[in-house]
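> kindly return the folded structure for what I paste below:
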Amino acid sequence: MFMAYLVLASFCYAALGYRQLIDALGITFIEWKYHVPALAYILIYLLAAVLCLAVGIMCSYHVWSVSWGETAVEAQDHEVYTKRAKSRGETFINSYDLGKLRNLQLFFNIGEAGYPFYTLFIPFRIMPYTDGRSWARRKGYERHHGVRRGEELTDEEEEDL
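Here you go, the predicted structure:
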């Protein structure tokens, strides 16, 4: 949510401050009447616009990734699993992909078993739906379909001693 809030704030700064940018650039020939030097304002404005774009792209990628039920590392692993399964004539199925909407509901812990939807817009501290070691899977799947034992690219966690 931090990325979404940062994108929103930097977008508002850029959208609402464009008139001052035009003044700071000297296009309107209006005297710069603010305490912040014109060059500093121009640099801050450019920083806000670039942050909005860059963090917006990163935020969009991560929301898209969460909606598919995978992390950035798992996305790379799943490409390999898909190719291996396809070479055997099988189909790779991500056991953690519960559907786009359900994945997002679980990630943000909203919906029937979680918090109300409006908690996305108010920066409350919300506990996750999981303990961090086990996650919801598709019904009937204890592991990914199309991946055989020993083909996993990540090792299983060793039990605590």
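> which stretches of this structure form helices?
Assigned helices in the chain, in chain order: 2-16, 18-25, 38-67, 72-87, 100-108 (criterion: DSSP state H).
> using JSON lines, lay out the ones you listed together with distance to Gly140.
Where C-beta positions appear, they are placed from N, C-alpha and C, glycine not excepted. As requested, those are exported to JSON lines (distance: least, CB to CB, whole Å):
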{"stretch": "helix 2-16", "distance to Gly140": "34"}
{"stretch": "helix 18-25", "distance to Gly140": "54"}
{"stretch": "helix 38-67", "distance to Gly140": "22"}
{"stretch": "helix 72-87", "distance to Gly140": "18"}
{"stretch": "helix 100-108", "distance to Gly140": "15"}
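> I'd like to know which of those helices is closest to Glu142.
Glu142 lies closest to helix 72-87 among the helices of the chain, at 15.7 Å (CB to CB).
> which strands or helices does the closest one pack on?
Applying 3 or more CB pairs under 8 Å, 6 or more residues apart in numbering; DSSP states H and E, one finds that helix 72-87 makes contact with helix 38-67.
> so Leu106 versus Ala136, what's the distance?
Distance, Leu106 to Ala136, using CB to CB, to the nearest Å: 6 Å.
> about what we covered before: right, so of the helices of the chain, which gets closest to His145?
Short answer: helix 72-87, nearest of these by CB to CB, at 8.0 Å.
> got a list of what the spatially most central residue of the chain touches?
Centroid check for the chain by CA atoms, centre = their mean gives His62 as the closest residue, at 2.6 Å. By CB atoms under 8 Å, 6 or more residues apart in numbering, the residues touching His62 are 3, 72.
> and the pLDDT for it?
Looking at His62, its pLDDT reads 93.
> if I look at it, how far off is Arg88?
His62 is 31 Å from Arg88, by CB to CB.
> my read: Phe117 touches Gln105, true?
No - with contact defined as CB atoms under 8 Å, Phe117 does not count as touching Gln105 (9.3 Å).
> and for these two, which residues touch both?
Gly111.
> and the angle for the lowest-mean-pLDDT helix or strand in the chain with helix 38-67?
Using mean pLDDT, DSSP states H and E, helix 72-87 stands out as the lowest-scoring helix or strand of the chain, at a mean of 88. Counting by axes from the mean of the first three to the mean of the last three CA atoms, to 10 degrees, helix 72-87 lies at 40 degrees to helix 38-67.
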